[in-house]
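Novice: Attaching a predicted model along with its sequence, questions to come.
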Amino acid sequence: MTSVLFVCMGNVCRSPSAEGYFRHHVEAAGLEDEFDIDSAGTHGYHVGRPPDSRAITACARHGIDISSLSARQVSAADLQQYDHVLAMDTQNLAALRQLAGEHAGRVRLMLDYAPGQDRREVPDPYYGGDEGFELMCGLLDSATRGLLAALRAEGDG
């Protein structure tokens, strides 16, 4: 089984949305038994809370249900356990690599898997409006499709 962890700052917008999109694409491919998928935040601001209502609504508009997820904080053990850890931006990438120590090679940027994308980061929509959540959904749809394709090509899923 291949394990994948998506990480942003608070685990209420980007990373649970990425988890939802990736889970959706994995299930559509009939591969749900081959993946362990989760999300977390580098900070514990929202531990135990559901995703931001705007993220739930934006994802739902695209057929992705993240309403049952709850925020948690990433741990050093996660970075040893998960095969692939995807950070939403360079700030969280740096924090994860520091926490990961010898396992830092498992941590990459989410948009490394978005073919043809000039952006390096998934912008945090938390302090913005609906357009930020729509941008997030589009980027995560593309990147999670690319991630699944890459993992399948590597024989990792």
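Specialist: Received it, and whenever you're ready, just let me know what you need.

Novice: tell me what the longest helix seen in the chain is packed against?
Specialist: Counting residues, the longest helix found in the chain (DSSP state H) is helix 130-153. Here helix 130-153 touches strand 2-8, helix 14-28, helix 53-61, strand 84-87, going by 3 or more Cβ pairs under 8 Å, 6 or more residues apart in numbering; DSSP states H and E. For the C-beta atoms, the positions are set from N, CA and C on the backbone; glycine is no exception.

Novice: one more time with 7 Å
Specialist: Contact here means 3 or more Cβ pairs under 7 Å, 6 or more residues apart in numbering; DSSP states H and E; on that basis helix 130-153 packs against helix 14-28, helix 53-61.

Novice: Mind checking these for the one nearest to Val122?
Specialist: Between Val122 and these, the tightest spacing by Cβ to Cβ is seen for helix 14-28, at 5.2 Å.

Novice: which strands and helices sit next to that closest one?
Specialist: strand 2-8, strand 35-41, helix 53-61, helix 130-153.

Novice: ranking these by burial, who's on top?
Specialist: Of all the helices and strands packed on helix 14-28, strand 2-8 has the most neighbours on average by mean count of other Cβ atoms under 10 Å, namely a mean of 25.

Novice: partners of that one in the sheet?
Specialist: strand 35-41 (parallel), strand 84-87 (parallel) (DSSP bridges).

Novice: How about residues contacting the longest one?
Specialist: The set of residues that contact strand 35-41 without belonging to it, under Cβ atoms under 7 Å, 6 or more residues apart in numbering, is 1-11, 15-16, 18-19, 22-23, 26, 69, 71-74, 78, 157.

Novice: State the mean pLDDT of that strand.
Specialist: What strand 35-41 shows for mean pLDDT is 98.

Novice: Between helix 130-153 and that strand, find me the angle.
Specialist: Using axes from the mean of the first three to the mean of the last three Cα atoms, to 10 degrees, the inter-axis angle of strand 35-41 relative to helix 130-153 is 140 degrees.
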